[in-house]
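Q: Have a look at this prediction, sequence included:
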Amino acid sequence: FPYMTLFRSDLGQLPDAGSLASVGGQLEANLEKDHLPLAGPADNWAGLTAPVFTVLSGLAPAVTGPLRNRFELAYHSGLGADAAVAAGRLPSVARRAGGAATFEVAVSAATAARFGLRPGSRIQANAGTPLTLVVTAVLRPRGPSPTFWTADGLLAAPVQETINDNYPPIWVGGAFVGAAELPLFQQVFNRASMNAIWSFPLATGAVTAGRAQALSGALTRAATQAGLIGNGAEPVSLTSPVAGVLADFVPADTAASSVLRLLAVSLAVIALVVVVLGSQLLARRRRAELTVLRARGASRAQVVLRTLRGAAIPAACGAAAGTALAVAVTPGHADTLSWWLGGATLLAAVTAAPLIAFWEQRAPGKRHGSRGSDSGAGAAL
């Protein structure tokens with residue numbers, strides 16, 4: 001499934017390939033302001049598509065029926081980069097003779113196979129003006145843009161359409177014209193019925209679940225703002241398959257995240273309880289040692305620091321190992337809550353034992369001195 005951003009608009013005043021590219025540059029600049037992850041200029045392309053017209057002759061007999069087949073012509077700026085010439089050469093010449101027009105065209109390998117076309121084939125058609133389409137190239141897909149061949153399926157391969165239930169379906173195909181043919185292309189076809197298209201594929205490889213909502217918001221802003229490219233200009237409307245995917249994904253991810261966050265907090269609470277219990281056992285184990293230190297004149301602060309050194313080293317080693325394991329298991333999916341919970345657990349592991357020791361050594365004379373006095377009296381007796 002190709003991730004892409006497509007803009008469509010009635011043509012208006014776009015007379016040549018340079019104008020299409022210029023408008024595309026303005027649109028790209030607007031998209032960059034919305035911080036959309038654009039794949040880059042090498043993947044962008046612009047196009048101009050005319051409405052379908054009737055084919056009179058020139059197709060293989062096997063696809064010819066009682067109803068006329070149809071064809072469309074389109075210009076795509078990335079033809080040289082996104083299509084490899086399997087036979088012939090790219091189209092470059094269009095001419096008008098009297099009331100008729102002739103265009104050189106390139107077709108996909110699937111179109112050529114279905115209609116029996118090859119370089120030199122001539123198709124007669126009628127688009128309100130008599131047309132002759134001279135096939136100069138058979139193309140196969142290649143190149144960086146994932147949307148070049150998927151944006152308009154008719155250019156990739158013919159499709160069947162049912163016009164009348166009493167007749168067999170007709171075939172509808174498409175072909176490319178070259179940039180040099182655009183002036184006559186727009187004279188033959190009504191520009192008000194043509195569509196201009198600009199494709200800006202998105203680089204979604206670095207988009208994580210946590211960033212999906214931000215991307216959805218950026219696409220929403222682009223839909224209402226990015227297509228405004230000038231005073232009095234007709235707005236360019238945005239369509240994107242990614243927006244539909246995100247519209248379904250973001251609510252589902254939010255619901256799942258709530259459950260996962262509750263589970264993470266529950267596990268963190270259990271971890272804190274285990275850490276506190278372990279710290280209490282550690283403090284009890286070292287009670288005699290700490291009591292001796294207090295008896296020799298150590299302050300409570302010195303006892304706490306000694307306990308802190310004993311707790312900090314294993315806690316730091318455990319935290320480093322746990323963090324490394326978590327990052328390795330879930331690369332690129334960091335969650336702020338997980339860092340806060342991990343930090344709280346580490347803080348508890350470092351400070352719990354010293355705080356317990358501090359509390360137990362709050363009054364050594366009363367707790368431990370009295371026991372020492374009783375022992376001394378027994379020995380005297």
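A: Alright, I've got the coordinates.

Q: ok, then the element right after the helix ranked longest in the chain?
A: Counting residues, the longest helix in the chain under DSSP state H turns out to be helix 241-285. Next along the chain after helix 241-285, taking DSSP states H and E as the criterion, comes helix 287-295.

Q: Counting by contacts, list what that following helix packs against.
A: Helices and strands touching helix 287-295, by 3 or more CB pairs under 8 Å, 6 or more residues apart in numbering; DSSP states H and E, are helix 300-329, helix 336-360, helix 364. C-beta here means a position set from N, CA and C on the backbone, and glycine is covered the same way.

Q: Flag the shaky bits of the stretch 1-150 of the chain, pLDDT-wise.
A: Applying pLDDT under 70 to the stretch 1-150 of the chain flags residues 1-15, 143-146.

Q: 90 instead?
A: For the stretch 1-150 of the chain, the stretches with pLDDT under 90 are 1-48, 61-67, 77-82, 97-99, 128, 141-150.

Q: Which parts of it are strands?
A: Counting by DSSP state E, counting those that start in this stretch, the segments of the stretch 1-150 of the chain that form strands are 6-10, 45-49, 53-57, 70-76, 83-88, 94-97, 100-108, 122-126, 130-141.

Q: and residue 166, how far is that from residue 268?
A: The gap separating residue 166 from residue 268 is 71 Å, by CB to CB, to the nearest Å.

Q: go on, residue 49?
A: According to CB to CB, residue 49 and residue 268 sit 56 Å apart.

Q: These two: who's more crowded?
A: Neighbours per residue, other CB atoms under 10 Å: of residue 49 and residue 268, the larger number sits with residue 49, 23 against 18.

Q: what residues are up against the more buried one?
A: 72, 73, 74, 75, 152, 194, 195, 197 (CB atoms under 8 Å, 6 or more residues apart in numbering).

Q: hang on, the earlier thing: want to throw the helices and strands packed on helix 287-295 into a markdown table with mean neighbour count and distance to residue 141?
A: Conversion of the helices and strands packed on helix 287-295 to a markdown table gives the following (neighbours: other CB atoms under 10 Å; distance: least, CB to CB, whole Å):
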| stretch | mean neighbour count | distance to residue 141 |
| --- | --- | --- |
| helix 300-329 | 14 | 38 |
| helix 336-360 | 18 | 43 |
| helix 364 | 17 | 83 |
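
Q: Out of those helices, which is closest to residue 29?
A: helix 336-360 (32.2 Å; CB to CB).

Q: helices and strands around the closest one, which ones?
A: Other helices and strands packing on helix 336-360, by 3+ CB pairs under 8 Å, 6+ apart, are helix 241-285, helix 287-295, helix 300-329.

Q: now those helices as CSV including mean pLDDT?
A: Below are these laid out as CSV (pLDDT from 0 to 100):
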stretch, mean pLDDT
helix 241-285, 76
helix 287-295, 76
helix 300-329, 75
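
Q: quick one, which of these is nearest to residue 190?
A: Taking CB to CB, helix 241-285 is the member of the helices and strands packed on helix 336-360 nearest to residue 190, at 29.4 Å.

Q: That closest one packs against which elements?
A: Here helix 241-285 touches helix 209-225, helix 300-329, helix 336-360, going by 3+ CB pairs under 8 Å, 6+ apart.

Q: run the last query once more with 7 Å
A: helix 209-225, helix 336-360 (3 or more CB pairs under 7 Å, 6 or more residues apart in numbering; DSSP states H and E).

Q: I'd like to check the angle between it and helix 336-360, please.
A: Orientation check (axes from the mean of the first three to the mean of the last three CA atoms, to 10 degrees): helix 241-285 against helix 336-360 gives 10 degrees.

Q: Could you identify which of the helices and strands packed on helix 241-285 has the lowest mean pLDDT?
A: If you rank the helices and strands packed on helix 241-285 by mean pLDDT, helix 209-225 sits at the bottom with a mean of 70.

Q: relative orientation of that one and helix 336-360 in degrees?
A: Angular relation of helix 209-225 and helix 336-360 on a 0 to 180 degree scale: 140 degrees, by the same axes, to 10 degrees.

Q: For helix 209-225, which residues meet the burial criterion?
A: Residues 212, 215, 216, 218, 219, 221, 222, 223 are the ones in helix 209-225 that count as buried (16 or more other CB atoms under 10 Å).

Q: One more: stretch 66-75?
A: Judged by neighbour count (16+ other CB under 10 Å), stretch 66-75 contains these buried residues: 67, 68, 69, 70, 71, 72, 73, 74, 75.
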